[in-house]
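# Need coordinates for the below:
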Amino acid sequence: MNAFIRNLADQDAGRPAAAGLVYHKSLAGMNGRAQKTEVRIQALEPGRYTVLFDTPREKLTMDWQWHQTAPGELELVYEETGRNESGLSKWNQKLAGVLFGMSAKKQLKMRLDLFEKQLEEYQWQD
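I've put the predicted structure just below:
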């Protein structure tokens, strides 16, 4: 799993990734428009990968932690936290969260399913 995560981080950064690395990329915002995003790897170590996405309107931290529970089994914990600096953006975010909460849960489940599938494919390559 550690090699798999490092490989994904290297691909995303376009170079060898490490804690403290900062790079920029264009990501779609909530409105679907591309926005320049600063990406900062906060942790990239065995059992943990934490990355901060910083845009002019918000900051989003994604944290993955994992450990082997039994041979061939892995427990993965994913946490996402975000902050918005302006009051109106916070209100809009709460309203959007209520309206799109179900959709967001479906998207998160799809992301985790895709992640699991990629991990299984990666293991077959070793």
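
# only C-alpha atoms for contact and neighbour calcs from this point on.
Will do.

# Identify the bridge partners of L74.
Counting by DSSP bridges, L74 forms beta bridges with Q68.

# That one contacts W66, correct?
Yes - using Cα atoms under 8 Å, L74 makes contact with W66 at a distance of 6.7 Å.

# Neighbour count for those two, which is higher?
Neighbours around L74 and W66, counted as other Cα atoms under 10 Å, are more numerous at W66. The numbers are 16 against 12.

# so who does the more buried one touch?
Each residue near W66 by Cα atoms under 8 Å, 6 or more residues apart in numbering is listed here: G47, R48, L74, E75, L76, V77.

# And these, which of them are buried?
R48 (16 or more other Cα atoms under 10 Å).

# of all the contacts of W66, which two lie farthest apart?
R48 and L74 (12.9 Å; Cα to Cα).

# Now the residue nearest the centre of the chain: closest residue in space, sequence neighbours ignored.
Central residue of the chain (Cα atoms, centre = their mean): M62, 4.4 Å from the mean position. Spatially, and ignoring its direct neighbours in sequence, M62 is nearest to E80 (4.6 Å; Cα to Cα, 6 or more residues apart in numbering).
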